[in-house]
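Engineer: quick check, what structure comes out for this input:
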Amino acid sequence: MSEEEIVELRLSKVFSGARYEIPIYQRAYAWGKDEIETLIDDIRDYHSQRKGSYYYIGTLVVHKKKGIESGETVYEVIDGQQRLTTLFLLLCWFNHKKENSGIVRPSLDFECRARSTEALRTIWDSSEDPSKVETDAGADEIHGGYKIVSSKLSSQEYDECFVKYLLEDVIIIRAELPEETDLNHYFEVMNSRGEQLEKHEVVKASLMSKLDDDKNKQSAFAKIWDACSDMTRYVQAGFSSGERDALFGQEWDRLKVGSFAEAIKVLDGTEDISPGTEGRSIHAILDTRKSDSSATSALGASAIDDDDSGRYGTIIGFPNFLLHALKVDSGDSFGWDEDGPGERVPLDDKKLIEAFEKKLESSDDVERFIFRLLQLRVCFDSFVIKVDSYKDNTEDDSNWSLRTVRKEQYNLQAVNTFNDSRHKTILNLQAMFQVTDSRQIYKTFLFGILDYFHRKNYDFKVIKEGFEDFLIELADTRARHFINAGASGSSPAAVGTTIADQGVRTPHYLFNYLDFILWYSNPEQLSGKSISDFRFSYRNSIEHFSPQRPDKSAQLKDLDEATLNSFGNLCLMTKRENSRRSNLLPEAKIKEYDSSKQSLKFQVMATIAKDKGWERAEITEHGRAMRHLLSQGIRDSGDGRQNQ
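Structural biologist: The predicted structure is shown next:
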């Protein structure tokens with residue numbers, strides 16, 4: 001970068017002879033009270049301590065290009081767009097407060113975000129106080145930003161001397177990238193140097209660059225991507241009311257368009273992206289140094305506001321969801337061991353950028369993928385469990401919910417996906433998988449579910465008809481996968497004896513799978529209330545019901561190591577419970593813990609211990625009975641759903 005490409009600009013001259021544009025892959029203006037007031041206060045503090053010294057506010061990285069219509073030079077903002085937009089608002093305030101300010105009219109546009117651009121122009125041109133102008137719903141953040149600037153600078157502590165310092169002695173460095181710069185490579189270099197970039201935003205920019213500079217395609221791509229990336233809401237909330245009608249039908253409940261080309265006709269770039277739906281941009285993150293969580297909350301109340309967030313949580317974040325979508329799009333076959341022909345997409349977001357570079361090369365690839373992403377997201381929202389925080393008294397966010405969304409007057413309404421006994425069965429099957437595979441990466445069961453949606457052509461009716469049977473088979477197959485892995489040629493029953501009797505090395509899935517079978521079959525050792533109240537939670541520590549190291553004062557017959565570590569003497573509990581009371585005898589554990597909040601296997605063991613005691617004979621018999629259920633599988637264990 002030459003000296004001619006790096007210039008120091010006073011705040012009053014930043015926009016002189018320059019037109020700036022915020023690219024579509026950036027998110028819209030997002031600075032709020034904290035960021036804006038901090039910027040102003042930092043300048044004030046420096047001015048009060050070092051009068052006469054320049055204050056360097058940071059660097060603005062731009063890439064020069066020619067305007068498509070006008071042919072004039074446009075500076076595409078690569079890094080610093082949040083700060084630049086705030087400087088625009090500061091200049092607007094000065095212009096309104098001081099007649100003949102001499103400030104050149106700023107030129108700043110948001111590519112394909114007409115409402116945001118119009119908001120900036122309205123604030124500059126307004127003949128009255130812009131902070132009192134009625135807000136356009138599509139540009140709340142920009143109007144809100146101006147109100148914060150106006151309120152801050154109108155206070156008495158910011159005098160004429162400070163205003164002059166702000167305009168003439170605050171410097172921003174504009175660094176212009178060479179015209180031949182590969183921006184995708186630039187983003188990756190920034191990322192490799194430890195900048196706070198979101199990898200999925202690097203992927204977004206890279207994919208959009210493959211769309212042949214077609215603005216309609218890029219605009220539609222960005223709207224779909226941004227709506228899908230917000231895992232805190234149903235995807236329909238990411239579009240305007242008119243777009244929902246066209247994309248999801250009059251009921252807003254399922255995808256009606258059949259291709260990206262059809263979606264482009266709906267999302268033709270004439271409407272601004274709905275407020276609050278913009279995806280995180282690469283460079284806005286560099287400005288704000290803030291991080292949004294894609295895996296925290298989502299909506300789903302019986303009657304929900306489009307901007308509601310906080311009630312529902314998602315089981316997977318957007319970067320990992322992208323990899324699942326890419327895996328489906330690439331035609332990877334499902335398998336519990338993840339082995340298969342060809343180079344498969346890894347379900348690890350550390351490899352996100354590399355995976356997309358290898359799989360999507362052309363414009364056709366990108367167009368196919370973005371529509372696939374939308375298809376999967378719509379099905380995910382309707383058929384995959386969420387976490388419901390409403391009246392949630394759990395300690396581990398395990399208040400599961402399974403809801404779809406539909407139109408109710410002018411809002412979205414969430415309702416149960418199934419209205420019969422399948423609902424609780426499907427919910428519990430997914431919860432069983434989730435508490436076993438709680439990590440974001442390698443959530444293989446979810447890929448199996450998304451692959452099922454794809455194989456059913458995303459047809460809601462067909463998905464509903466076979467979803468319960470599919471999940472039961474998925475659960476049984478995984479159990480057989482563990483059993484066969486320890487078989488060494490033995491029969492399944494013998495395998496159950498070995499793989500399930502490994503003490504703390506016993507696969508956790510076998511415990512959760514057994515709990516589902518117990519819930520599903522409703523055995524006599526469990527009360528109807530135990531069945532109806534049961535909920536899968538994150539019990540992630542294997543407990544020996546009869547302790548390995550009992551208190552020295554305990555009167556306990558010695559048990560051999562094989563019996564202690566056998567499946568009959570094991571259950572899952574939380575790590576906190578295990579570490580706190582692991583040496584208690586069975587009778588004391590039953591008294592110490594509320595059995596109704598424990599696993600169903602624990603409750604069965606507690607019933608046996610109360611009735612017969614807990615010695616070698618009881619452990620052996622219980623282990624045999626439970627291994628028999630494991631070898632039977634869900635279908636052959638009976639159906640206790642009539643008690644739900």
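Engineer: Ile57 contacts Leu84, doesn't it?
Structural biologist: No - here Ile57 does not reach Leu84: they are 10.2 Å apart, not a contact under CB atoms under 8 Å. In this view, the C-beta of every residue, glycine as well, is placed from N, C-alpha and C.
Engineer: state the mean pLDDT of the biggest helix by length in the chain.
Structural biologist: Counting residues, the longest helix found in the chain (DSSP state H) is helix 460-485. Across helix 460-485, pLDDT averages out at 93.
Engineer: over to stretch 498-518?
Structural biologist: Taken as a whole, stretch 498-518 has a mean pLDDT of 93.
Engineer: can you point out the buried residues in it?
Structural biologist: The neighbour-count check on stretch 498-518 (16 or more other CB atoms under 10 Å) flags 499-503, 506-518 as buried.
Engineer: in helices only, show me the residues you listed.
Structural biologist: Among the buried residues of stretch 498-518, the members found in helices (DSSP H) are 499, 508-518.
Engineer: just put these in a markdown table and tack on distance to Leu446.
Structural biologist: Formatted as a markdown table, those follow (distance: CB to CB, whole Å):
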| residue | distance to Leu446 |
| --- | --- |
| Ile499 | 24 |
| His508 | 17 |
| Tyr509 | 15 |
| Leu510 | 20 |
| Phe511 | 20 |
| Asn512 | 16 |
| Tyr513 | 17 |
| Leu514 | 22 |
| Asp515 | 20 |
| Phe516 | 17 |
| Ile517 | 22 |
| Leu518 | 24 |
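Engineer: need the next SSE after the lowest-mean-pLDDT helix or strand in the chain, C-terminal direction.
Structural biologist: The weakest-scoring helix or strand in the chain, judged by mean pLDDT, DSSP states H and E, is helix 282-288 (a mean of 39). Downstream of helix 282-288, the first helix or strand assigned by DSSP states H and E is strand 312-313.
Engineer: after that next one, next one along is what?
Structural biologist: helix 318-329.
Engineer: which strands and helices sit next to that following helix?
Structural biologist: With contacts taken as 3 or more CB pairs under 8 Å, 6 or more residues apart in numbering; DSSP states H and E, helix 318-329 sits against helix 199-208, helix 215-229, helix 352-359, helix 363-383, helix 444-455.
Engineer: can you say which of those helices is nearest to Lys256?
Structural biologist: Closest approach to Lys256 among those (CB to CB): helix 363-383, 10.2 Å.
Engineer: also compute the angle for that closest one relative to helix 460-485, please.
Structural biologist: 90 degrees (axes from the mean of the first three to the mean of the last three CA atoms, to 10 degrees).
Engineer: helix or strand right after helix 363-383?
Structural biologist: Using DSSP H and E, the helix or strand that follows helix 363-383 in sequence is strand 386-388.
Engineer: average pLDDT for that next one, rounded please.
Structural biologist: 89.
Engineer: thinking again about what came up before, mind putting the helices and strands packed on helix 318-329 in JSON lines, mean neighbour count, mean pLDDT and distance to Trp614 included?
Structural biologist: As requested, the helices and strands packed on helix 318-329 are arranged in JSON lines below (neighbours: other CB atoms under 10 Å; pLDDT from 0 to 100; distance: least, CB to CB, whole Å):
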{"stretch": "helix 199-208", "mean neighbour count": "22", "mean pLDDT": "88", "distance to Trp614": "51"}
{"stretch": "helix 215-229", "mean neighbour count": "24", "mean pLDDT": "92", "distance to Trp614": "52"}
{"stretch": "helix 352-359", "mean neighbour count": "18", "mean pLDDT": "93", "distance to Trp614": "49"}
{"stretch": "helix 363-383", "mean neighbour count": "22", "mean pLDDT": "98", "distance to Trp614": "42"}
{"stretch": "helix 444-455", "mean neighbour count": "20", "mean pLDDT": "98", "distance to Trp614": "34"}
